[in-house]
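Visitor: Kindly generate the corresponding structure for this input.
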Amino acid sequence: MIRFNGSVVANYIEANENSSKKDYLYSIRICRKEAKESAYWLRLLKENNSEIEFFDSLIDEASQLKLIFNAILKKIKNPTTISPSILNEPNTPPAGRNL
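Guide: Predicted structure coming up:
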């Protein structure tokens, strides 16, 4: 479980280090795919361990990540909705946030 959830974070970090818009989009697509896969495996684990309550919150978090990555992809594809600096500068996480 840690492995497939950690992949989303690792790919997001890589996306932020990419120098081109094409590479950034590719990495964000991978993040979205990994979040979908995480939600899938969490649902399977929940079916087999229905007495454990924390699966719902983890599934919800994976679903929210999918929505976030979808929003990023939509905004990058429609650049009029974001500032031009986002397209030209590598993204970095906000100060004080550890991913």
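Visitor: Out of the helices and strands in this protein, which is least certain?
Guide: helix 84-88 (a mean of 50; mean pLDDT, DSSP states H and E).
Visitor: Just give the nearest non-adjacent residue to the residue most central in space within the chain, would you?
Guide: The central residue of the chain, meaning the one whose C-alpha is nearest the mean C-alpha position (C-alpha atoms, centre = their mean), is Cys31 at 4.3 Å. With C-beta to C-beta, 6 or more residues apart in numbering as the measure, Asn11 is the residue that lies nearest to Cys31, at 4.6 Å, once sequence neighbours are left out. Backbone N, C-alpha and C define where each C-beta goes, glycine included.
Visitor: what do you get for Tyr12?
Guide: Cys31 (5.1 Å).
Visitor: Name the SS class of that neighbour, please.
Guide: Using DSSP: H, G, I helix; E, B strand; the rest coil, the secondary structure recorded for Cys31 is helix.
Visitor: Now for it: which residues touch it?
Guide: Contacts for Cys31 were tallied using C-beta atoms under 8 Å, 6 or more residues apart in numbering; they are Val8, Asn11, Tyr12, Ala15, Leu65, Phe69.
Visitor: can you tell me which helix or strand the fourth one belongs to?
Guide: Under DSSP states H and E, the secondary-structure element containing Ala15 is helix 2-17.
Visitor: low pLDDT regions in the protein?
Guide: Per-residue confidence for the chain (pLDDT under 70) gives these ranges: 1-5, 79-99.
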